[in-house]
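Peer 1: Generate a structure from the sequence data that follows.
(one chain, ligands or ions: 2)
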Amino acid sequence: MNYKDYPNVFVNTHPLVQHKISLLRDKNTGTNEFRSITEEIAMLMGYEALSDLPLEEVEVETPIEKCRTPMIAGKKLAIVPILRAGLGMVSGLTALVPTAKIGHIGLYRDEKTHLPHEYYCKLPSPIDQRTIVVCDPMLATGGSATAAVNFIKQHGGKHIKFMCIIAAPVGIEALMSAHPDISLYIGHVDRELNENAYICPGLGDAGDRIFGTK
Ligand code: PRP
Ligand code: URA
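Peer 2: Numbering: from 1, shown residues only. Ligands and ions are numbered 1, 2, ... in the order given. Predicted coordinates:
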């Protein structure tokens, strides 16, 4: 199935997001700048991904009179970065929803097999009533994303949104065919994977670029 046929896959077209992704791609963009642009993209994409957050009416007294007015039912959100690179998106999202709880899933890809290995999982409990935003800048083979959503569902998570900055078509298909019930928010869909399962043209290794390793 072509990813365009999934009704719950949303590919961002905003000029600001596209511009900032191009800055990330540039190999001359240094760690400091890479980190802050990643945060900015997460915030801009979060604005769209959270457009259906539940609201509740609260009473507020304006200088003129009391009124009932909508506010986010804020305790209901969990942000779950996939370590390491997903950490780079957390502050952009918590800037939007400071009351969100934060879980962590530690996964790394085996360099030879490209399969994900879990090394950490800690989620806010109970998770079943929350909207869960999983974030990772890169969706390549889709193995890490699929494993992360598996863990979250095993812990009882139900309302799952996945945010990535760059995705490969094969990764979108892998994730959405395994978990057709989630919503997937993508900054840009790239051409393909290379023989090392890196996204082309991509931006290289997101974790290394965010943390200045390698
Ligand atoms: C990267 C990236 C994703 C994963 C995507 O993490 O941040 O988690 O690869 O690849 P996949 O779709 O083929 O699974 P990596 O395993 O390099 O770990 P790191 O974030 O610790 O660098
Ligand atoms: N992980 C990355 O960080 N980059 C890729 O291109 C693929 C997986």
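Peer 1: need the residues of this protein near ligand 1, please.
Peer 2: Contact residues, the chain versus ligand 1 (CB under 6 Å from any ligand atom): 82-85, 107-109, 114, 116, 136-145, 171, 197, 205-207. All C-beta atoms are positioned from the backbone trio N, CA, C, and that covers glycine.
Peer 1: out of those, which touch ligand 2?
Peer 2: Restricting those to those adjacent to ligand 2 (criterion: CB under 6 Å from any ligand atom) gives 85, 138, 140, 205-207.
Peer 1: Spatially, which two of the residues you listed are the most separated?
Peer 2: Ala140 and Gly207 (12.2 Å; CB to CB).
Peer 1: Looking only at neighbour counts, state which of these two leads.
Peer 2: When neighbours are counted by other CB atoms under 10 Å, Ala140 and Gly207 differ, and Ala140 comes out ahead with 26 against 21.
Peer 1: tell me the contacts of that one?
Peer 2: With contact set as CB atoms under 8 Å, 6 or more residues apart in numbering, Ala140 has these partners: 109, 114, 168, 171, 193, 197-199.
Peer 1: Filter these down to the ones in helices?
Peer 2: Under the assignment DSSP state H, these contribute Gly171 to helices.
Peer 1: Buried among the contacts of Ala140? Need that as a selection in ChimeraX.
Peer 2: The buried residues among the contacts of Ala140 can be selected in ChimeraX (16 or more other CB atoms under 10 Å) with this line:
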select :109,168,171,193,197,198,199
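Peer 1: Reformat the contacts of Ala140 as CSV; add pLDDT.
Peer 2: Formatted as CSV, the contacts of Ala140 follow (pLDDT from 0 to 100):
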residue, pLDDT
Arg109, 85
His114, 88
Ala168, 98
Gly171, 98
Leu193, 98
Ala197, 96
Tyr198, 98
Ile199, 98
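Peer 1: next one: phi and psi at the residue lying closest to Pro124 once chain neighbours are set aside?
Peer 2: Nearest non-adjacent residue to Pro124, counting by CB to CB, 6 or more residues apart in numbering: Lys101, 3.8 Å away. Backbone torsions for Lys101, taken as degrees, to the nearest 10, come to phi -80, psi 160.
Peer 1: Lys101 is in contact with Ala78, isn't it?
Peer 2: Yes. Counting by CB atoms under 8 Å, Lys101 touches Ala78, with 4.8 Å between them.
Peer 1: who has more neighbours, those two?
Peer 2: Remark: of Lys101 and Ala78, Ala78 carries more neighbours, 23 against 17, as counted by other CB under 10 Å.
Peer 1: what bridges to the more buried one?
Peer 2: Counting by DSSP bridges, Ala78 forms beta bridges with Lys101, Ile132.
Peer 1: Good, we can wrap up now.
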